[in-house]
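>>> With the input below, show me the fold.
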Amino acid sequence: MSDTPFDTPDNDPVVSSSEVTPTESPEANESVISEPSSPANDAPTLASEVVAPVVTSPPPEPYRDEAPLSSQSRATRSLWTNRLSLLLVAALVGALAGHYAAPSSRNTGSLSINEVGIAPGAAILPNGVSIPKLVQRSLPSIVSIDVKGGGQEDQGTGMIISKRGLVVTNNHVIAAAVSGGTITVTRSGTTKSLPATLVGTNPVDDVALIRIDNASHLTPVTFGNSTALETGDAVVAIGNALGLAAGTPTVTQGIVSALGRTVTAGTNTSTETLQNMIQTDAAINPGNSGGPLLDSSGDVIGMNTAVAGSLSNGESSQNIGFAIPVATIQSLLPTLMAGESVVNHGAFIGVEIESNSPSLMAEYSFSLSTGAVVISVISGTGAAAAGIKQGDIIVGINKTTIESAQDVTQVISEMHPGQQITVHLVRGTKHLTFSVTLGHQPSS
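Purely as a prediction, here's the structure:
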């Protein structure tokens, strides 16, 4: 697995290989993701906040009983092998049936238009859930976001996570407002812009928290179980794609294409490396950032964040988008709700990691159910020099217990290049300790 650099929507020329783009709206120039200042001191007290409920049941099993299309082709071909007389009889019967079942017609002068009163059929997910019903359930908890600051204007999407207006979104969506800009939101199904206040930011993990001013009795999203996802699970993405019309989000459908991706995201002047991302082929476009990636039960299992851009030869990548798992977002909420801002000092350990999961345990016969699994070790880094290997499970850094890939990212983000850390890991049945000197975060 390798880092995948990506650019902003503003950069239309050919860019580097396997590039991906943060998915805020292209209607305005993207701001550089910088180290934000702390939010205003008058941030609301959040002690009694009611936060989005969590669903821990795994998504339904993918549908596997669909009849092959080839059977229809065989049936069609078999009809043409009948005798001519039978064909003539079938044509006569078909004509009679058409006479009684044909749509009604309406004469509009010289043009006769056929009409039917039957409603169009709803798109259905593999588990039989109607996509329109799933979307209607989710829309009250989704907002479009517009941000102005520093001569820029960006659009994105957010998810309501509390009745009193807390909204989680991507940090790069609100970055332009960090130094004194304005944030407004539009609830789905409305056209009225509502002012919002920045509460907490985390550019390291590209997550931020805002609050809709004077809001109450809102409908929060329900978080699903992103740790139980499997490749091939059905998903639906919702968001303010391309900033086309605030309050009327776009809906796309797809599957989980891969899990545990490491993606390097950013602008021409700033990058961020995001670990343990969900890859999906559901269409994600600029403006979708911060919106939900839903499982087939309508629960949020990820936050749409980035989309692949162009290859080095100028060809466009197809159907490759990335979302932050809700398990990562949940781990960040206490810090964000406290009004804190995370600053990345650029330290780099030199490994690509993925949170341990039931699928990894089954695939590699791990005895542990937690920890951060080393997917690859980057040559020339502190981890490589120390002797860390692919397949190792990081269970501790210094005196901090590591239960997920997010824990590693959080610990390293608070350190500086050149610092030495003690890494505790499990390799097979052995418990090992390594001393690692942190390097600099790669720029691409």
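
>>> after the helix or strand containing residue 196 comes which helix or strand?
Using DSSP states H and E, residue 196 falls within strand 194-202. As assigned by DSSP H and E, the chain's next helix or strand after strand 194-202 is strand 207-212.

>>> can you give me the angle that following strand makes with strand 194-202?
If you take axes from the mean of the first three to the mean of the last three Cα atoms, to 10 degrees, strand 207-212 sits at 150 degrees to strand 194-202.

>>> for strand 207-212, packing partners?
strand 166-169, helix 171-174, strand 182-187, strand 194-202, helix 326-337 (3 or more Cβ pairs under 8 Å, 6 or more residues apart in numbering; DSSP states H and E). For glycine as for every other residue, the C-beta is placed from the backbone atoms N, C-alpha and C.

>>> just the CA coordinates of the strand holding residue 196, formatted as CSV?
The C-alpha trace of strand 194-202 is given here as CSV (Å, rounded to 0.1, in the frame of the first residue of the first chain):
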residue,chain,number,x,y,z
LEU,A,194,-28.2,29.8,9.5
PRO,A,195,-25.1,31.3,11.2
ALA,A,196,-22.7,28.8,12.8
THR,A,197,-19.7,29.0,15.2
LEU,A,198,-16.4,27.1,15.0
VAL,A,199,-16.0,24.9,18.1
GLY,A,200,-12.9,22.7,17.6
THR,A,201,-10.5,21.8,14.8
ASN,A,202,-8.2,18.9,14.0
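
>>> now the helices and strands packed on strand 207-212 in a markdown table, with mean pLDDT and mean neighbour count?
As requested, the helices and strands packed on strand 207-212 are exported to a markdown table (pLDDT from 0 to 100; neighbours: other Cβ atoms under 10 Å):
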| stretch | mean pLDDT | mean neighbour count |
| --- | --- | --- |
| strand 166-169 | 96 | 28 |
| helix 171-174 | 92 | 29 |
| strand 182-187 | 94 | 22 |
| strand 194-202 | 93 | 22 |
| helix 326-337 | 92 | 21 |
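
>>> Tell me which of these sits nearest to residue 144.
Residue 144 sits nearest to strand 182-187 of all these, at 4.6 Å, using Cβ to Cβ.

>>> Given the closest one, what are its sheet partners and their directions?
Sheet neighbours of strand 182-187, with direction, are listed as strand 142-149 (antiparallel), strand 194-202 (antiparallel) (DSSP bridges).

>>> How far off centre is the last one?
A distance of 20 Å separates the centroid of the chain from that of strand 194-202, by Cα atoms, centre = their mean, to the nearest Å.

>>> Please find the angle between the direction vectors of that strand and helix 326-337.
Interaxial angle, strand 194-202 versus helix 326-337 (the same axes, to 10 degrees): 100 degrees.

>>> just the shortest one next, same as before
On the basis of the same axes, to 10 degrees, strand 142-149 is oriented at 50 degrees to helix 326-337.

>>> The following helix or strand past strand 142-149 pairs with which strands, parallel or anti?
Going down the chain from strand 142-149, the next helix or strand is strand 152-160, by DSSP H and E. Counting by DSSP bridges, the strands paired with strand 152-160 are strand 142-149 (antiparallel), strand 166-169 (antiparallel).

>>> Output strand 152-160 as CSV, nothing but the C-alphas.
Only the C-alpha atoms of strand 152-160 are listed here, as CSV (Å, rounded to 0.1, in the frame of the first residue of the first chain):
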residue,chain,number,x,y,z
GLN,A,152,-12.1,32.8,-0.3
GLU,A,153,-15.4,31.0,-0.3
ASP,A,154,-15.8,27.2,0.1
GLN,A,155,-18.7,24.9,0.3
GLY,A,156,-19.1,21.5,1.9
THR,A,157,-21.4,19.3,3.9
GLY,A,158,-21.9,18.5,7.6
MET,A,159,-23.7,16.0,9.8
ILE,A,160,-25.8,17.0,12.8
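
>>> Could you check how far it is from the centre of its chain?
On Cα atoms, centre = their mean, the centre of strand 152-160 falls 14 Å from that of its chain.

>>> Same question for stretch 221-231.
11 Å.
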